[in-house]
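> quick one: sequence and predicted model below, then my questions.
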Amino acid sequence: MANVVVVGSQWGDEGKGKIVDWLSEQADVVVRFQGGHNAGHTLVIDGVSYKLSLLPSGVVRGKLSVIGNGVVIDPHALVAEMGRLAEQGVSVSPQTLKIADNATLILSLHRELDALRESAAAGTKIGTTKRGIGPAYEDKVGRRAIRVMDLANLQTLPAKIDRMLAHHNALRRGLGEPEIEASAIYDELASVADKVLPFMDTVWSLLDQRRRAGDRILFEGAQGALLDIDHGTYPFVTSSNTVAGQAATGSGLGPGAVSYVLGITKAYTTRVGEGPFPSEQDNEVGDFLGTRGHEFGTVTGRKRRCGWFDSVLVRQTVSTSGINGIALTKLDVLDGLDEIRICVAYELDGKRIEHLPASQGEQARVKPIYETLPGWKESTKGARSWAELPAQAVKYVRYVEELIGAPVTMLSTSPERDDTILVQNPFQD
Ligand code: GDP
Ligand code: IMO
Ligand code: MG
């Protein structure tokens, strides 16, 4: 029995959706374990594009899909996403989707607070997706959140809402915002309860049974390890743990349930929002990558910042997520470049260092040290075997493996599901 965790190894948008969709053919259950609808995972199947934010990518194949306790759920966004998928012919039923009873809900007040903070004075902006993710996790840790199971006990809601509002209204008074009436929150929750409750389940138990029965579980990470609340470029991070260890905590299984960690890794680097990005190319190279790679956010439509591959960061992620192998994506975007640079180390205050320091000030000061490789003129787009790759592209892939200390076990050469080269099957490790 082998269960695979897919995590982003950079700042998100590495192509996790495509790889999870590809792998989910071999899985019995697909589980989201952190984040929320800040994620935007794109699947392209026979030219048709599916965009998933909160639902596990396994729903498109009709696999049992689970939203674990570590996820923050905006119930209205959930219902809207199911509606959009239904229009595309993908049906989601209480038989195919299970939502953890102990997962935290995102309410409109979280969304509003997220947006208020983001529009505050320059310098404090994170560049969030304004989906209310951070404020919802704050309430979870602050022990005042409303959870999925609370929708099933409406009579207990008023006391919980009062507890939550005691905090939020104090905050809102300080921000000069009008206070929120408890009845407004109650109505917001009561209006959606019937739509969410049919999916509610005791997910930790369900997953334990499935695991014991020998089912293959595929854990679908959102964001990327550099957006991790502990290991990322704090404070320019998301509000959850995005590293592979969270797969266990965020679904209710023990750490032994995970047998292979697959790090999804873009052949260059992108980031959305604020924060350090040592190998960023705010020039014609960045424009080339952004245009060829269609680097616009799935969720917010924002232009993604682009730069060269940073092996220092991915090497660090291989360690913090315990990555066994990577799926290298978007290699085709590099086609046609005369030369390709790779960041191999940093210079900090005149010294060479081999990792990204934790300090915000030092992260802003590190200067990338590059090595330059020749590019290739041939197209790799849509390649489905190693033999179709030009020699220079193979050299690039091999050098990436050497620098990050992990093998390439999958290679993706276009957005399409089947334009994928399998080197070693993570389920059969
Ligand atoms: P995720 O958040 O990690 O699931 O990634 P996104 O879906 O936000 O962004 C990745 C984008 O790259 C999507 O538009 C994918 O369709 C696309 N994509 C994935 N793999 C490849 C690839 O190998 N080549 C190209 N050109 N595009 C890819
Ligand atoms: P997927 O799963 C890329 C970024 C935001 C912002 C920071 C905090 O598609 O890879 P948040 O709304 O989470 O509080 O924003 O995190 N961010 C992502 N960037 N891909 C994502 O998800 C992201 N989810 C959040 O842009 O910088
Ligand atoms: Mg994305």
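Okay, I see it. Residues are numbered from 1 along each chain as shown. Ligands and ions are numbered 1, 2, ... in the order given.
> what residues of the top helix by length along the chain count as buried?
With secondary structure taken from DSSP state H, the chain has its longest helix at helix 157-175. Across helix 157-175, burial judged by 16 or more other CB atoms under 10 Å covers 157, 160-161, 164-165, 168-169, 172. Placement of C-beta: from N, CA and C, glycine included.
> helix or strand right after it?
Using DSSP states H and E, the next helix or strand after helix 157-175 towards the C-terminus is helix 182-196.
> give me every residue that touches the residue of the stretch 251-400 of the chain with the smallest separation from ligand 2.
Minimum separation of the stretch 251-400 of the chain from ligand 2 (CB to the nearest ligand atom) falls at Gly273, amounting to 2.4 Å. With contact taken as CB atoms under 8 Å, 6 or more residues apart in numbering, Gly273 is in contact with 126-128, 236, 302.
> the longest strand anywhere in the chain pairs with which strands?
In the chain, assigned by DSSP state E, the strand with the most residues is strand 339-348. The partner list of strand 339-348 in its sheet, established with DSSP bridges, is strand 309-310 (parallel), strand 351-353 (antiparallel), strand 367-374 (antiparallel).
> buried sites along the last one?
Put plainly, it is strand 367-374. Judged by neighbour count using 16+ other CB under 10 Å, the buried positions of strand 367-374 are 368-370, 373.
> then stretch 338-352?
340-346, 348.
> how many other residues sit next to the residue in the stretch 1-150 of the chain that ligand 2 sits nearest to?
Ligand 2 sits closest to Gly12 of the stretch 1-150 of the chain, with a gap of 2.4 Å, by CB to the nearest ligand atom. Around Gly12 sit 30 other residues, with neighbours defined as other CB atoms under 10 Å.
> my guess is it contacts Thr269, does it?
No. Proximity of Gly12 to Thr269 does not meet the contact threshold set by CB atoms under 8 Å, at 10.9 Å.
> can you pull the residues of this structure lying near ligand 2?
Among all residues of the chain, those adjacent to ligand 2 (criterion: CB under 6 Å from any ligand atom) are 8, 11-13, 38-41, 126-129, 131, 133-134, 222-224, 227, 238-239, 272-273, 298.
> residue contacts, the nearest residue to Ile45 once chain neighbours are set aside?
Counting by CB to CB, 6 or more residues apart in numbering, Ile45 lies nearest to Arg417, which is 5.0 Å off, once chain neighbours are set aside. Taking CB under 8 Å, 6+ apart as the contact definition, Arg417 lies against 18, 21-22, 43-46.
> rewinding a little: as JSON lines, the buried residues of stretch 338-352 with distance to Asp287 would be great.
Putting these into JSON lines (distance: CB to CB, whole Å) gives the following:
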{"residue": "Ile340", "distance to Asp287": "16"}
{"residue": "Arg341", "distance to Asp287": "15"}
{"residue": "Ile342", "distance to Asp287": "19"}
{"residue": "Cys343", "distance to Asp287": "19"}
{"residue": "Val344", "distance to Asp287": "24"}
{"residue": "Ala345", "distance to Asp287": "26"}
{"residue": "Tyr346", "distance to Asp287": "24"}
{"residue": "Leu348", "distance to Asp287": "28"}
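> got any ranges where the stretch 301-429 of the chain has weak pLDDT?
Filtered on pLDDT under 70, the stretch 301-429 of the chain yields the residue ranges 429.
> contacting residues around stretch 199-214?
Taking contacts as CB under 8 Å, 6+ apart, the residues outside stretch 199-214 that touch it are 1, 3, 28-29, 31, 64, 66-69, 94, 97-102, 148-149, 151-152, 217, 251-253, 257.
> taking those residues one by one, which sit in strands?
Among the contacts of stretch 199-214, the members that lie in strands (by DSSP E) are 29, 31, 64, 66-67, 97-100, 217.
> what comes up buried for the helix or strand containing Met82?
Using DSSP H and E, Met82 maps to helix 75-87. By neighbour count, and taking 16+ other CB under 10 Å as the criterion, the buried residues in helix 75-87 are 75-78, 81-82, 85.
> can I get those in a markdown table including pLDDT?
Compiled in a markdown table, those are given as follows (pLDDT from 0 to 100):
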| residue | pLDDT |
| --- | --- |
| Pro75 | 98 |
| His76 | 96 |
| Ala77 | 98 |
| Leu78 | 98 |
| Glu81 | 98 |
| Met82 | 98 |
| Leu85 | 97 |
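> tabulate those in JSON lines, adding columns for distance to Pro178.
Converted to JSON lines, the buried residues of helix 75-87 look like this (distance: CB to CB, whole Å):
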{"residue": "Pro75", "distance to Pro178": "23"}
{"residue": "His76", "distance to Pro178": "21"}
{"residue": "Ala77", "distance to Pro178": "24"}
{"residue": "Leu78", "distance to Pro178": "27"}
{"residue": "Glu81", "distance to Pro178": "30"}
{"residue": "Met82", "distance to Pro178": "32"}
{"residue": "Leu85", "distance to Pro178": "36"}
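> so which of those residues is the closest to Val141?
Of all those, the one sitting nearest Val141 is Pro75; the distance, using CB to CB, is 20.3 Å.
> in space, what's closest to that closest one - neighbours in sequence excluded?
In space, Pro75 comes closest to Val192 once its chain neighbours are excluded; the distance is 4.3 Å by CB to CB, 6+ apart.
> which SS state does the residue of the stretch 251-400 of the chain found nearest ligand 3 fall under?
With CB to the ion, the shortest gap between the stretch 251-400 of the chain and ligand 3 falls at Thr298, namely 4.6 Å. On the three-state scheme (DSSP: H, G, I helix; E, B strand; the rest coil), Thr298 is labelled coil.
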